[in-house]
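> got a sequence here, can you build the structure:
(one chain, ligands or ions: 3)
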Amino acid sequence: MEFYGQEPDFDLTYSDVFLVPSRSAVTSRLEVSLAPGDGTATRIPIVSANMNSVTGPRLAATLARRGGLGVLPQDMPLQDLDSAIRWVKDQPVEYDTPIEFTADATVADALLVTPALAGHGIVLRSPAGEYLGCLPATVLGSTPPDAKLGDLLHERLTSIDAEDVTDPRSAFDLLVAAELDFAPVLRHGKLIGTLSRTSALRATLYRPAVDASGRLVVAAAIGINGDVAAKARALAAAGVDVLVLDTAHGHQEGMLRALATVKSLGLGLPLVAGNVVTPVGVSDLVAAGADILKVGVGPGAMCTTRMMTAVGRPQFSAVLETSAAARDLGAHVWADGGVRYPRDVALALAAGASSVMIGSWFAGTVEAPGTLHTDADGRLYKESWGMASTKAVQERFGRLDPYELARKTLFAEGISSSKIYLDPGRPSVEDLLDMITSGVRSSFTYAGASNVEEFRERALVGVQSAAGYDEGKALPVSW
Ligand SMILES: NC(=O)C1=CN([C@@H]2O[C@H](COP(=O)(O)OP(=O)(O)OC[C@H]3O[C@@H](n4cnc5c(N)ncnc54)[C@H](OP(=O)(O)O)[C@@H]3O)[C@@H](O)[C@H]2O)C=CC1
Ligand SMILES: Nc1nc2c(ncn2[C@@H]2O[C@H](COP(=O)(O)O)[C@@H](O)[C@H]2O)c(=O)[nH]1
Ligand SMILES: [K+]
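Ligands and ions are numbered 1, 2, ... in the order given. Got it, this is the predicted structure:
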């Protein structure tokens with residue numbers, strides 16, 4: 001990366017900078033590879049944050065199917081983490097994970113999980129697990145909330161036979177021929193997944209992130225306290241693909257000890273550690289065993305660290321400096337926090353990150369944990385909160401005695417409650433991935449780069465005023 005003009009002697013964040021186009025020999029955005037090449041199996045540079053409101057097993061599986069990686073949060077009990085990892089590993093790679101209900105569930109129950117939109121659908125099973133049929137989600141919008149889903153099965157959808165699907169393109173054509181937007185996929189009468197026209201199209205554009213056995217990949221986080229060795233071993237035994245050691249202040253002795261402990265287990269998994277924002281933080285964590293550094297203090301949407309402590313660093317400069325230090329040591333950087341637009345992802349990659357970690361933006365999706373809420377204007381949202389918020393601290397330390405809990409709660413550095421609205425045009429995390437990867441593929445071709453490495457080398461970055469940033473925004477109503 002080079003600065004267009006003079007490099008300023010103060011720190012920059014994503015909004016302070018822009019990319020300048022340069023001569024390109026890349027003739028199509030579809031020629032671009034977004035593969036991070038950081039020792040994980042990811043195919044796109046997108047990782048979901050280890051936050052309770054962001055990454056659950058469904059979001060992790062959906063992300064991996066499109067080449068990304070979900071990090072399950074350290075606050076999940078070990079038993080739940082174990083079953084979440086195994087659940088992801090059991091999900092179909094070529095088809096979508098069905099959203100399942102029993103026949104006596106109501107329309108209102110289904111609407112807590114999936115919006116009544118074309119291209120989405122639900123699967124009904126008997127209490128014994130037998131496949132009963134499948135409904136398009138659109139029927140949920142035109143049926144009374146107390147109606148039983150089983151009573152709507154006369155509108156059941158035609159299924160697709162997996163034997164007829166020779167490749168993703170043929171799946172798309174089969175749906176078109178059957179005039180379907182969404183369908184269950186059966187093999188020998190057994191449900192193996194669902195499919196929509198959009199997911200069939202996506203399967204032609206993305207490659208899944210899979211392990212050596214061809215199963216979807218998933219990461220999990222552990223904190224730095226307690227028996228980290230036992231937790232790391234248990235997660236590895238469950239089949240986790242990447243371990244993330246995470247604490248607010250990653251450049252501390254407790255982290256170095258925890259990292260060295262996990263490294264010494266020789267689990268053969270990439271170790272991610274953070275959060276840090278300085279080159280010396282990078283070198284200390286790499287020396288202790290980190291392969292990838294999680295970079296970012298304070299940029300997160302749920303984060304109050306900068307206001308509480310003044311600590312942190314504008315994220316573009318933090319990523320730029322730490323990724324240069326990491327590269328010298330053969331390590332990589334995940335740019336964690338503050339990503340609100342596809343442009344921020346492009347800028348993080350230009351600054352040298354191998355992947356970008358996204359939290360709050362993904363909290364407002366169908367696949368994120370938690371149920372859908374509707375506000376007074378009928379807009380759908382999900383709740384989100386910071387992992388250092390009073391809410392998260394109370395949940396994490398709920399089993400401590402009240403005095404210890406009260407002491408911990410004093411140090412909250414995050415907001416406890418926020419509404420993250422679903423974008424009506426992009427309610428699924430996959431819709432956001434489409435938007436992000438299209439934007440970033442295009443950024444690459446503007447820079448004449450066909451892969452992440454070339455983009456990092458060729459990117460020309462200018463510094464702009466607040467008015468310059470503002471000029472780039474679209475105008476939803478006239479002047
Ligand atoms: N990226 C960011 O900007 C931030 C992210 N977070 C996220 O919140 C979650 C909770 O993290 P965390 O609060 O570290 O909790 P952890 O449960 O990981 O515990 C942190 C440990 O480090 C000690 N510690 C020492 N100094 C600090 C410090 N300045 N801030 C926090 N702990 C410190 C704590 O002791 P004691 O409690 O006695 O002080 C405790 O033992 C994580 O997912 C983290 O990534 C939180 C804040 C900032
Ligand atoms: N200071 C705090 N940082 C937090 C908290 N919860 C999460 N985080 C960090 O934010 C990113 C995600 O950023 P986003 O802008 O995409 O939402 C996450 O990975 C953590 O590093 C918190 O309570 N306080
Ligand atoms: K913030």
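
> now the stretch 1-150 of the chain against ligand 2: closest residue?
Relative to ligand 2, the nearest point of the stretch 1-150 of the chain is Ala49 (3.4 Å; Cβ to the nearest ligand atom). From N, CA and C alone the C-beta is placed, and that goes for glycine too.

> what sits against the closest residue to that residue other than its chain neighbours?
Once flanking residues are discounted, Ala49 sits nearest to Gly359: 3.4 Å by Cβ to Cβ, 6 or more residues apart in numbering. By Cβ atoms under 8 Å, 6 or more residues apart in numbering, the contact list for Gly359 reads Ser48, Ala49, Met51, Val54, Gly300, Ala301, Met302, Gly337, Ser384.

> near ligand 1 too, which of those residues?
Filtering the contacts of Gly359 for proximity to ligand 1 (criterion: Cβ under 6 Å from any ligand atom) leaves Gly300, Gly337.

> now, the contacts of Gly359 that are in strands?
Within the contacts of Gly359, residues falling in strands by DSSP state E are Ser48, Ser384.

> just put the contacts of Gly359 in TSV and tack on pLDDT and neighbour count.
Below are the contacts of Gly359 laid out as TSV (pLDDT from 0 to 100; neighbours: other Cβ atoms under 10 Å):
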residue	pLDDT	neighbour count
Ser48	98	29
Ala49	98	28
Met51	98	26
Val54	98	33
Gly300	96	28
Ala301	95	19
Met302	95	26
Gly337	98	25
Ser384	95	26
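
> before we move on, the earlier item: need phi/psi at the residue nearest to Ala49.
Backbone geometry at Gly359, expressed as degrees, to the nearest 10, gives phi -110, psi -90.

> isn't the residue of the stretch 1-150 of the chain closest to ligand 2 right up against Leu69?
No. With contact defined as Cβ atoms under 8 Å, Ala49 does not reach Leu69; the gap is 11.0 Å.

> packing partners of the biggest helix by length in the chain?
With secondary structure taken from DSSP state H, the chain has its longest helix at helix 429-446. Contact analysis of helix 429-446 by 3 or more Cβ pairs under 8 Å, 6 or more residues apart in numbering; DSSP states H and E lists strand 46-48, helix 57-65, helix 197-205, helix 342-350, helix 360-363, helix 452-458 as its packing neighbours.

> out of these, which is closest to Ala237?
When those are compared by Cβ to Cβ, helix 57-65 sits nearest Ala237, at 17.1 Å.

> give me the contact list for the closest one.
With contact meaning Cβ under 8 Å, 6+ apart, helix 57-65 is reached by 46, 48, 69-72, 84-85, 87-88, 91, 93, 96-97, 206, 208-210, 216-219, 362, 365, 367-369, 428-430, 433.

> pLDDT of that helix, averaged?
The average pLDDT for helix 57-65 rounds to 98.

> what is the neighbour count of the residue in the stretch 201-350 of the chain positioned nearest to ligand 1?
The nearest approach of the stretch 201-350 of the chain to ligand 1 comes at Ala248, 3.2 Å away (Cβ to the nearest ligand atom). If you count neighbours by other Cβ atoms under 10 Å, Ala248 ends up with 18.

> can you give me the pLDDT of it?
According to the prediction, Ala248 has pLDDT 97.

> which stretch of helix or strand covers it?
Of the helices and strands defined by DSSP states H and E, none includes Ala248.

> what's the burial count for the closest residue in space to it that isn't next to it in sequence?
Counting by Cβ to Cβ, 6+ apart, Ala388 is the residue found nearest to Ala248 once chain neighbours are left out, at 5.9 Å. Here the number of neighbours of Ala388 (other Cβ under 10 Å) works out to 21.

> my read: Ala388 touches Asp246, true?
No. At 11.0 Å, Ala388 does not count as touching Asp246 under the criterion of Cβ under 8 Å.

> roughly how far apart are the residue with the largest distance to the centre of the chain and Ser196?
Distance to the chain centre peaks in the chain at His154, reaching 36.7 Å (criterion: Cα atoms, centre = their mean). Distance of His154 to Ser196, computed by Cβ to Cβ, to the nearest Å: 22 Å.

> residue contacts, the residue nearest to Ala248?
By Cβ under 8 Å, 6+ apart, the contact list for Ala388 reads Ala248, Cys303, Thr305, Phe411, Ala412, Glu413, Gly414.

> and which of these is nearest to ligand 2?
Relative to ligand 2, the closest of those is Gly414; by Cβ to the nearest ligand atom it sits at 1.9 Å.

> spatially nearest residue to Val242 (excluding sequence neighbours)?
Ala219 (3.7 Å).

> number of nearby residues for the one you found?
For Ala219, the tally of surrounding residues (other Cβ under 10 Å) stands at 26.

> touching ligand 1 at all, stretch 281-298?
Yes. Against ligand 1, stretch 281-298 shows contacts by Cβ under 6 Å from any ligand atom at Gly296, Val297, Gly298.
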